[in-house]
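> Sequence plus the predicted model coming up.
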Amino acid sequence: MSLCFLPPTANFYLRNDLNGQRPVLAVVAHQDDVEIMGVPHTCDGRPIVAVVLTSGANSPRTGEYANVTPEEMAQIRLEEQKRAADLGNYACVIQLGYDSAAIKGLAPEATHVVEQILNYFNPEVLWTHHPFDKHPTHVASFTMVHRAIQSLTSANRPLPTKWLGGEVWGEIGSIHPDYLQFREILDGEQAQRRLIEVFASQIQGGKNYVDGTLGRRRSAATFRDSHGVDTCKFALLAVILDELLVDPTLDPAQWLCGVMTHSANLMAARVPV
């Protein structure tokens, strides 16, 4: 693979050739976002290409990582993400190494690189953050991908068949189910646990991402249907973003408000008067 458009800060870790297959492409803000979203557990055998926008240099650190410099932390997080790629059997992982400020500022050069990545890999399924996420860098990452898709559309380039927004910061259960995809996770608890435990620098930094993520997935499996029995132990929810593929000229903020208004109206109609 020749990805000459990648910035000098990028690290490209190739594990398996795509052999002409259209992959599942995940474009996320931070190391561990792909795994917390659960992307590796839902790919149905398609190869995974993971793209991480930021370096992770400014991640919180305590314990044995308390005195680690930003440069050292960036290297630690890079290696953690590569180990996750090994465990999850990704085809490749590209870590672009941008500062979070560049992503939140929607730096044109970073947006252009994302556009080139989308064009190069021509994914069948695209996973990103979604605009309901509480983390500002996550929302900026989503916006950057949307702008890249707008540019691809203008250039008559092929687009993904499906676009899903993975759940990280904040619950999305208040959105009406019409806008959500429910995905059963067939991998066992230990396989899921190992894939998140790889990110020891963040877990030791004071966040129990392992139990938090698995708890959310158990909750999704059980509370999906109030009148049906559980069909799986673990599941995840994702926001269906396909409308922004069908019409990339849609303003994401207006689309978000429309989803929330429609969800509120549908739920309000259920309340007896």
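Arrived safely.

> who are the neighbours in contact with the nearest residue to residue 256 once chain neighbours are set aside?
Counting by C-beta to C-beta, 6 or more residues apart in numbering, residue 131 is the residue found nearest to residue 256 once chain neighbours are left out, at 4.8 Å. All C-beta atoms are positioned from the backbone trio N, CA, C, and that covers glycine. Residues in contact with residue 131 (C-beta atoms under 8 Å, 6 or more residues apart in numbering) are 139, 142, 143, 165, 252, 253, 255, 256.

> Name the SS class of residue 131, please.
With DSSP: H, G, I helix; E, B strand; the rest coil as the basis, residue 131 sits in coil.

> Return the alpha-carbon coordinates of the helix or strand where residue 34 lies using CSV.
Here residue 34 sits within helix 33-37, counting by DSSP states H and E. Taking C-alpha atoms only, helix 33-37 is exported to CSV below (Å, rounded to 0.1, in the frame of the first residue of the first chain):
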residue,chain,number,x,y,z
ASP,A,33,-12.4,4.6,20.8
VAL,A,34,-12.7,1.9,18.1
GLU,A,35,-12.6,-0.8,20.8
ILE,A,36,-15.1,1.0,23.2
MET,A,37,-17.5,1.5,20.3
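
> Show me what that helix is packed against.
Under the contact definition 3 or more C-beta pairs under 8 Å, 6 or more residues apart in numbering; DSSP states H and E, helix 33-37 sits against strand 24-28, strand 48-54, helix 70-88, strand 162-166, helix 189-197.

> Residue 93 versus residue 69, what's the distance?
23 Å (C-beta to C-beta, to the nearest Å).

> what about these two, which has more around it?
residue 93 (25 against 10; other C-beta atoms under 10 Å).

> That one and residue 40 touch, don't they?
No: with contact defined as C-beta atoms under 8 Å, residue 93 does not reach residue 40; the gap is 11.2 Å.

> dump the residue contacts of residue 187.
41, 234.

> and it, helix, strand or coil?
coil.

> count of neighbours near the closest residue in space to residue 81 that isn't next to it in sequence?
Leaving aside its sequence neighbours, residue 81 sits nearest to residue 31 (C-beta to C-beta, 6+ apart; 4.2 Å). The number of residues packed around residue 31, counting by other C-beta under 10 Å, is 28.

> And for the one 5 residues further on?
Each residue near residue 36 was counted by other C-beta under 10 Å, and the total is 23.

> And residue 100, by the same measure?
By other C-beta under 10 Å, 20 other residues sit near residue 100.

> residues touching it, list them.
Residue 100 neighbours (C-beta under 8 Å, 6+ apart): 29, 54, 58, 137.

> picking that back up, narrow the contacts of residue 131 to those in strands?
Judged by DSSP state E, the subset of the contacts of residue 131 located in strands is residue 165.

> right, and the pair among the contacts of residue 131 with maximum separation?
Spanning the widest gap among the contacts of residue 131 are 165 and 253, at 14.5 Å by C-beta to C-beta.

> So these two - more neighbours on which side?
Neighbours were counted for residue 165 and for residue 253 using other C-beta under 10 Å; residue 165 has more, 27 against 10.

> which SS class is the nearest residue to residue 250 once chain neighbours are set aside?
Excluding the flanking residues, the one nearest residue 250 by C-beta to C-beta, 6+ apart is residue 244, at 5.7 Å. Secondary structure, three-state DSSP: residue 244 is helix.

> just checking, residue 244 touches residue 149?
Yes: using C-beta under 8 Å, residue 244 is in contact with residue 149, at 7.2 Å.

> Among the helices and strands packed on helix 33-37, which comes closest to residue 225?
Residue 225 lies closest to strand 162-166 among those, at 20.5 Å (C-beta to C-beta).

> In the protein, what helix or strand scores lowest on average pLDDT?
In the chain, the helix or strand scored least confidently by mean pLDDT, DSSP states H and E is helix 200-203, which has a mean of 90.

> Now do the buried residues in that one.
Neighbour-count burial for helix 200-203 flags 201, 202, 203 (criterion: 16 or more other C-beta atoms under 10 Å).

> Tabulate the residues you listed in JSON lines, adding columns for distance to residue 224.
Conversion of those to JSON lines gives the following (distance: C-beta to C-beta, whole Å):
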{"residue": "201", "distance to residue 224": "33"}
{"residue": "202", "distance to residue 224": "28"}
{"residue": "203", "distance to residue 224": "28"}
